[in-house]
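J.: What would the 3D arrangement of this be:
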Amino acid sequence: MFVCSRRDTISTPARSRSCAEVRPGGPHSRWIRAVGLLTLLPSLAEASGLDAPCVGALTSGPLTADPAALFHNPARLSGLTRHTLSLGLGLVAGRASVTRRRLGAYQNEDTLNFAGPIPAEDLDVSKTGSAPEVTATPVSPTGDLFAALLTPRRGLVLGLGVYAPYAAIVDYPDDGAQRFAIQDANIVVAHLSGGLALQVNPELSVGLAVSYVQGQASMKKRQDFGALPDFGRGLSRPPISQVNDFGADAPTMVRELNVLERPISIHDATARAVTFNAGVHVAPNRDWDFALTYQNGAALDFEGDFTLDLDDDFFTGDLEHVGLRYAPFVQGDATVAFQLPKRLAVAAGRSLSPRYRLEGRLGYVRWSELQTFRIELESAALAQPRLGLPPRSSLSLPRAWNDTISVAVLGQAQGPESVTFAALLGYDSPASPDSTVDAASPDGHRLTFGAGLIFAASPDLSVSADARLQSILPRTVTTSDYDLGNGEYTLLVASILAHVEVRL
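T.: Predicted structure coming up:
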C-alpha cells in the first residue's frame, strides 16, 4: 500500500515532491481538409455555435432566387429561369481575446495536495485574479460552389452545391491561461448537396435538399488530470488508496498542478452523416413575398487518433511499485460525438418601389440539443490493471448550450449602370451560458454588419462583392463552473467575398 503524509515526499533520482494527505484504505476522404477539436466547439466563424460566417452572397437568403438557395431555401431555386452556376471565393479573418480571471483559490503549481483542506503555505495567492490577455488571430479562405439546372418539366429545378455551413478555427498561445480549455483547433463540416424545387403555381413554391455531410477536425490542449473522474477513482483504490478530490467537479484548489497538466492532441478525426433541409416560398402579389425554412440536424461521430504526453516521472516511474506506470507517450483511437442543431427560419420581403426592396429575417436554432460532448479514448497503453483502469476512457464535457434567436434586416437599392447595392444589419443571441463558456467558445450577443454590391455585366453574367463584420458585445463572466471560464471575452470576425454567377 502506498501511504504518505502531507509533508512526506516521493523521492526519485529525478526529483522529490510534496504529497497530498492520504488516508489508508479510502474509496478517410480527402475532399475537404481541416484540423480541429469538437470538445468545446471553438467559433471563429460566428459566436453562436459553429455557423460559418457566410454561405452564398450577402443577398442570399430564404427569399432570394439564386443557386445558393439550395442551402437557404430550396424552394427559391424555382425562381430561376436559366441554368445558373455560382462560384464564391473569399477570406475570413478573426480576432478572439480572453482575459481569464481566476476567482477560486489555487495551490502552488509544483505541490501535490490532492485533497483539501490545502495548507495556507501551499496556496498561490498570485494566481488569483486576472491573467494576461491571450488572443487568437486566425485567417482562413472560404468559398462555395452552386449550380441550378432547369429540367424538362416547367417549374422543376435541380440544385447542386458544395459548401461549408459549419466552420471554426482558433489558435491561442500554448502557455496562456486558457490552455486547459484549448490551445488551437480547426474544424470544417462540409455539405455535398442536391435538391429539387417545384413551382406549384405562380404564388407557391416548395423545395427539398439532401446533404452528405463530412467533417474533419483536430485539436490541441492541456488536459488537467485533476478534472478526470477515472484517474481520481484509480488513485483512490488499493494499492495506492490516495484520497483525492479529483473529478469533473474538482475544486480549484486541486486543479492546474504542473505534474497533472498533460499535453493532448486529437487529429485526423473524420465524421460522416446525412441530413436534409426544406422550404416554402409564397408570393401573394408583386410587392410581398414570404418564406419558411427548416434545416434538420445531424449526429456527428468524429473518429480519429489521439496522442497523450505522459512523459513525467509521476506517470512513468514514481508510482510503478503501486501499479501506476504509463508509457511516456500514449497513442490510440479517439471519438468525439455531438449533435448539430435543427434550424427554423421565416422571412418576409417587400418591394418598396421598382428600385428599393426590404427584407426581414427571423431564425431559431436548437443549440440546446448540444448539452454535452461525448469523448472516448481507446488504447491498450491506457490500461492500468492494478488500479482498475481499463484501456477505454469516456468523458462527457458539459456544454448546456441555449437555443438562439437571430434577427436580420436586408435592404437593396438599384443604382446606376446595372449596379445593385445591399446592406445588412443583424443580431444573434449567444448559445453558451456563463456556466460553460470558455476560450474554446468565445460566445456572446453578436451584431452583424454587411455591405455589398452586385454588378450585372450582361444578361449572362453578374459579379458580386461584399464585406461583413461580426462582433460580440464585450462579455464578462463571473459564474463559470469550476472557474475555468471566468473572465472577459471579445470576438471580431471580418469576411470579404466575391461571387461570379453565370447563366446559360
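
J.: ok, and what's touching the helix ranked longest in the chain?
T.: As assigned by DSSP state H, the longest helix anywhere in the chain is helix 229-236. The contact list for helix 229-236 (Cβ atoms under 8 Å, 6 or more residues apart in numbering) reads 26-27, 114, 225-226, 240, 242-248, 250, 324, 384, 387-389, 393, 395. For glycine as for every other residue, the C-beta is placed from the backbone atoms N, C-alpha and C.

J.: likewise stretch 92-102?
T.: 44-45, 53, 127-142, 169-170, 172, 176-178, 252, 439, 442, 478, 483, 486-495.

J.: how about 7 Å then?
T.: By Cβ atoms under 7 Å, 6 or more residues apart in numbering, the surrounding residues in contact with stretch 92-102 are 44, 53, 127-131, 133-140, 142, 170, 177-178, 439, 442, 483, 486-495.

J.: Inside strands: which ones of these?
T.: 129-130, 134-136, 139-140, 142, 170, 487-495 (DSSP state E).

J.: Buried ones among the contacts of helix 229-236?
T.: Buried members of the contacts of helix 229-236, counted by 16 or more other Cβ atoms under 10 Å: 114, 225-226, 240, 242-247, 250, 324, 384, 387, 389, 393, 395.

J.: Can you name the residues that contact residue 128?
T.: Residues near residue 128 by Cβ under 7 Å, 6+ apart: 102, 105, 106.

J.: nope, residue 398 is what I was after
T.: With Cβ under 7 Å, 6+ apart, residue 398 has these contacts: 372, 436.

J.: Kindly report the same for residue 462.
T.: Residue 462 neighbours (Cβ under 7 Å, 6+ apart): 454, 455, 456, 501.

J.: could you dump those residues to a markdown table with distance to residue 159, neighbour count and pLDDT?
T.: Output for those, formatted as a markdown table (distance: Cβ to Cβ, whole Å; neighbours: other Cβ atoms under 10 Å; pLDDT from 0 to 100):
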| residue | distance to residue 159 | neighbour count | pLDDT |
| --- | --- | --- | --- |
| 454 | 20 | 22 | 96 |
| 455 | 24 | 14 | 96 |
| 456 | 22 | 15 | 94 |
| 501 | 14 | 23 | 97 |
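
J.: In strands, which of the residues you listed fall?
T.: Counted as lying in strands by DSSP E, out of those, are 454, 455, 456, 501.

J.: Where does pLDDT dip in the protein?
T.: Within the chain, the segments meeting pLDDT under 70 span 1-53.

J.: Helices along that one, start to end?
T.: Ranges of helices within the chain are 69-72, 229-236, 313, based on DSSP H.

J.: quick revisit: from the ones in strands among the contacts of stretch 92-102, keep the buried residues only.
T.: Listed as buried from the ones in strands among the contacts of stretch 92-102 are 134, 136, 140, 142, 170, 487, 489, 490, 491, 493, 494, 495; burial here means 16+ other Cβ under 10 Å.

J.: Check the residues you listed and tell me the two furthest apart.
T.: For those, with distances taken as Cβ to Cβ, the pair at the greatest spread is 142 and 487 (29.3 Å).

J.: burial count for the closest residue in space to residue 490 that isn't next to it in sequence?
T.: Leaving aside its chain neighbours, residue 490 sits nearest to residue 97 (4.7 Å; criterion: Cβ to Cβ, 6 or more residues apart in numbering). Residues within reach of residue 97, counting by other Cβ atoms under 10 Å, total 19.

J.: now residue 352
T.: Count around residue 352 with other Cβ under 10 Å applied: 12.

J.: cool, the one 10 residues further on as well?
T.: Residues contacting residue 362 under the criterion other Cβ under 10 Å number 14.

J.: Excluding chain neighbours, what is closest to it?
T.: residue 346 (5.3 Å).

J.: What residues does the one you found make contact with?
T.: 291, 292, 362.

J.: hey, what's it bridged with?
T.: Going by DSSP bridges, residue 346 is paired in beta bridges with residue 292, residue 362.

J.: need the helices of the chain in a markdown table with distance to residue 465 and mean neighbour count, can you?
T.: Shown next, in a markdown table, are those (distance: least, Cβ to Cβ, whole Å; neighbours: other Cβ atoms under 10 Å):
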| stretch | distance to residue 465 | mean neighbour count |
| --- | --- | --- |
| helix 69-72 | 19 | 30 |
| helix 229-236 | 52 | 20 |
| helix 313 | 59 | 16 |
